[in-house]
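Enquirer: Sequence first, then the predicted structure:
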Amino acid sequence: MTQIVRGSVLALVTSVSPGRGLMLYGSEARGDMREDSDVDVLRVSDKRQRVESVGRMQVSSYSEAQLHKLGKQGSLFILHLITDGVILSDPWGVLRRLSEVYSPPKSYTPMFNSLREVLQLLNLQEAAYLRVPRTLDRILFFVARSYVFALAANTSPCFSLPQLAEFGYPLALSAHRFRVAKKGDYDSYARLLAAAAHELDIDLGRPHSTIDEAVRSADLSAPMLSRFASDLCGSRIRSYVWLDDE
């Protein structure tokens, strides 16, 4: 990261609201960003968690207590910060201590089971997809990349889809192609959905004809499924960060 980028991020974030620490993560931190890539910034703040957009910059705010809780739970998000993050400001040492509080999960099986449930929710016919394509695209991409990141975390953590594709993760290549493809295209959506279902070893069956039908068939007692179902029914477009970020 250049000093120009570092200075610009610091100036933009602190002009919105000063925090207790700042970290750059994602493609900008790794140095493999594209021209249309977002600049991902973590801000340590006493305020509740939220995501703010400042130009191309996505600022995610977490409290110290939230970060430590996620670290003890083995959050992929915390592992990502430890692996790729570049500390910009850390006067209280909160960000430097993340590696100390992080504890790997015993298994990612519960997450994988939740992902299978979400894929069933996303199994829609074209007419239903075209009602809220942007929201569906984001959820599906979010699910696919999280599965690949969790697989890699078991051996050698990596949070770059192109690199994971080179390492032999087929779903990483499918997710990367989906990210750069034309948005709101049902054929691209259906291809990634099928690829994810194959990797997670589930039979999606007949696509739902409507979103309401998909939601009625889902077990909404599961927090992750309930969250996504609520977004679909409300046509909400959210900047999803991580599956375990709440």
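Expert: Now that the structure is in, tell me what you want to look at. Numbering: from 1, shown residues only.
Enquirer: make it CA atoms for all contacts and neighbour counts henceforth
Expert: Will do.
Enquirer: Toward the C-terminus, what is the element adjacent to the helix or strand of the chain with the lowest mean pLDDT?
Expert: Of all helical and strand segments in the chain, the minimum by mean pLDDT, DSSP states H and E falls on helix 3-16, at a mean of 56. Moving toward the C-terminus from helix 3-16, the next helix or strand (DSSP states H and E) is strand 21-25.
Enquirer: Tell me where the model's unsure across this protein.
Expert: 1-19, 35-36, 48-51, 54-55, 235-246 (pLDDT under 70).
Enquirer: what are the ranges of the helices in this structure?
Expert: Counting by DSSP state H, the chain has these helices, from start to end: 3-16, 27-30, 64-72, 76-84, 98-101, 109-122, 126-129, 133-153, 161-166, 170-180, 186-199, 211-216, 223-233.
Enquirer: Serialize the ones you listed to a markdown table and add fields for distance to Pro91 and mean neighbour count.
Expert: Output for those, formatted as a markdown table (distance: least, C-alpha to C-alpha, whole Å; neighbours: other C-alpha atoms under 10 Å):
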| stretch | distance to Pro91 | mean neighbour count |
| --- | --- | --- |
| helix 3-16 | 14 | 13 |
| helix 27-30 | 20 | 19 |
| helix 64-72 | 13 | 18 |
| helix 76-84 | 17 | 21 |
| helix 98-101 | 14 | 16 |
| helix 109-122 | 34 | 18 |
| helix 126-129 | 46 | 19 |
| helix 133-153 | 29 | 20 |
| helix 161-166 | 32 | 17 |
| helix 170-180 | 36 | 19 |
| helix 186-199 | 42 | 19 |
| helix 211-216 | 46 | 16 |
| helix 223-233 | 34 | 17 |
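Enquirer: who wins for proximity to Glu52 among the ones you listed?
Expert: Glu52 sits nearest to helix 3-16 of all these, at 9.5 Å, using C-alpha to C-alpha.
Enquirer: which residue sits closest to Trp92 in space, ignoring its chain neighbours?
Expert: What sits nearest to Trp92 in space, not counting adjacent residues and going by C-alpha to C-alpha, 6 or more residues apart in numbering, is Arg20, at 6.9 Å.
Enquirer: repeat for Leu225
Expert: Nearest to Leu225 is Val118, by C-alpha to C-alpha, 6+ apart, at 6.0 Å.
Enquirer: how close does that neighbour sit to Ala218?
Expert: Distance of Val118 to Ala218, given as C-alpha to C-alpha, to the nearest Å: 9 Å.
Enquirer: which neighbours do the two share?
Expert: Residues touching both Val118 and Ala218 (C-alpha atoms under 8 Å, 6 or more residues apart in numbering): Leu225.
Enquirer: for stretch 223-233, the distance to its chain's centre please.
Expert: Mean C-alpha position of stretch 223-233 versus that of the full chain (C-alpha atoms, centre = their mean, to the nearest Å) differs by 15 Å.
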